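Chemist: structure of the sequence below:
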Amino acid sequence: MKITQITRRDIADAIIVEQINWAGRLEEQEFLARLFDLSSLPSFDSRFKDASGDIWQHRINNPTDWDDDWIFSDSRFNLMGCDDELFLRFLCETIHPVVRPDVTEAEKLCQLYNSCLQHDGYQLVVKTRMSGKPVFTGRAVGVIGVPGIAAVKQVLNGIIDTSYVARQITRMESSVVNDPELAIGTAKELIETCCKTILQARSVEFPNNADLPQLAKLTSKELQLTPNDIPDAAKASDTIKRLLSNLATITQGIAELRNQYGTGHGRIGTAGGLTSRHAKLAVGAASTLAVFLVETHQLRK
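Modeler: This next block holds a predicted model:
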């Protein structure tokens, strides 16, 4: 059991807090029958011969008998202690097109699961499609460490719209291995978000269609991070100016990567893509830059 009880409980808690109906459009015993032979599982109610009748009585006939999260504490299903394969299958069923036909809702829930599963080296990925809608499966991918991500979570918390940034971070983490193009595209969005937030906080106007290099240039100027802001007499001025010049190079490079390989632009069907190591580089650079800009903004407010 590589998926720890901590991860399983985090997922269960998220489902409870977000008030997610894990059975989707199905009745709960109908949903569970997709994973378990309910006729072979005992009933906790002497009036019924098996788990199916038990669930019907206490979740449909009398829906307030059991809490909505009863499935996570029921020893017959043992989701907190079952093998990894069964736990992953349960999660995949909650976002199966038959159970949850809304693709946007299913993908959002998949991202939530992956943000927890990644710590134990697992992800839910698209296996096939049913009527054009994704069908997911669990896959071991190893524990992915992306430099700078932890610092972004800490520094940006409470400064920038937490839910929006959290989604960006989750998207980057969960796509570094399986969808490098998405990770690169989201890395660019993260820097754009930071720059726009800083500029808005400082009442600096910028065009609605400003691209990343423009936003980074405006932000650097406002925060006095351009080489011209450093006097020649300053200690190590040449080194500092060189580092600050590289800020523009980083943003330009990430923007070009996104345009060539990331999401948001169509490419020739035979064009080769980048690998996870390139995505890690882009995400790490974007994260480090975002932290530097936000910390400088906070220091100089």
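
Chemist: Leu88: which element?
Modeler: Secondary structure from DSSP states H and E places Leu88 in helix 84-94.

Chemist: what's the helix or strand following that helix packed up against?
Modeler: Note on helix 84-94: by DSSP H and E, the next helix or strand toward the C-terminus is helix 103-117. Counting contacts by 3 or more CB pairs under 8 Å, 6 or more residues apart in numbering; DSSP states H and E, helix 103-117 packs against helix 5-17, strand 122-130, strand 133-140, helix 162-175. For glycine as for every other residue, the C-beta is placed from the backbone atoms N, C-alpha and C.

Chemist: and the helix holding Leu88, what's buried?
Modeler: 84, 87-94 (16 or more other CB atoms under 10 Å).

Chemist: who touches it?
Modeler: For helix 84-94, contacts defined as CB atoms under 8 Å, 6 or more residues apart in numbering pick out 1-3, 8, 11, 20, 22-24, 31, 34-35, 79, 99-100, 109, 113, 122, 124, 135-138.

Chemist: same thing but 7 Å
Modeler: 1-3, 8, 22, 24, 31, 34-35, 79, 99-100, 109, 113, 122, 124, 136-138 (CB atoms under 7 Å, 6 or more residues apart in numbering).

Chemist: export only the CA atoms of it, formatted as PDB.
Modeler: C-alpha atoms of helix 84-94 as PDB (Å, rounded to 0.1, in the frame of the first residue of the first chain):
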ATOM      1  CA  ASP A  84      -3.700   0.800  -4.200                       C
ATOM      2  CA  GLU A  85      -5.300  -0.600  -7.300                       C
ATOM      3  CA  LEU A  86      -8.800  -0.700  -5.700                       C
ATOM      4  CA  PHE A  87      -8.500   2.800  -4.300                       C
ATOM      5  CA  LEU A  88      -7.400   4.200  -7.700                       C
ATOM      6  CA  ARG A  89     -10.300   2.300  -9.400                       C
ATOM      7  CA  PHE A  90     -12.700   3.900  -6.900                       C
ATOM      8  CA  LEU A  91     -11.400   7.400  -7.700                       C
ATOM      9  CA  CYS A  92     -11.500   6.700 -11.500                       C
ATOM     10  CA  GLU A  93     -15.100   5.500 -11.200                       C
ATOM     11  CA  THR A  94     -16.200   8.800  -9.500                       C
END
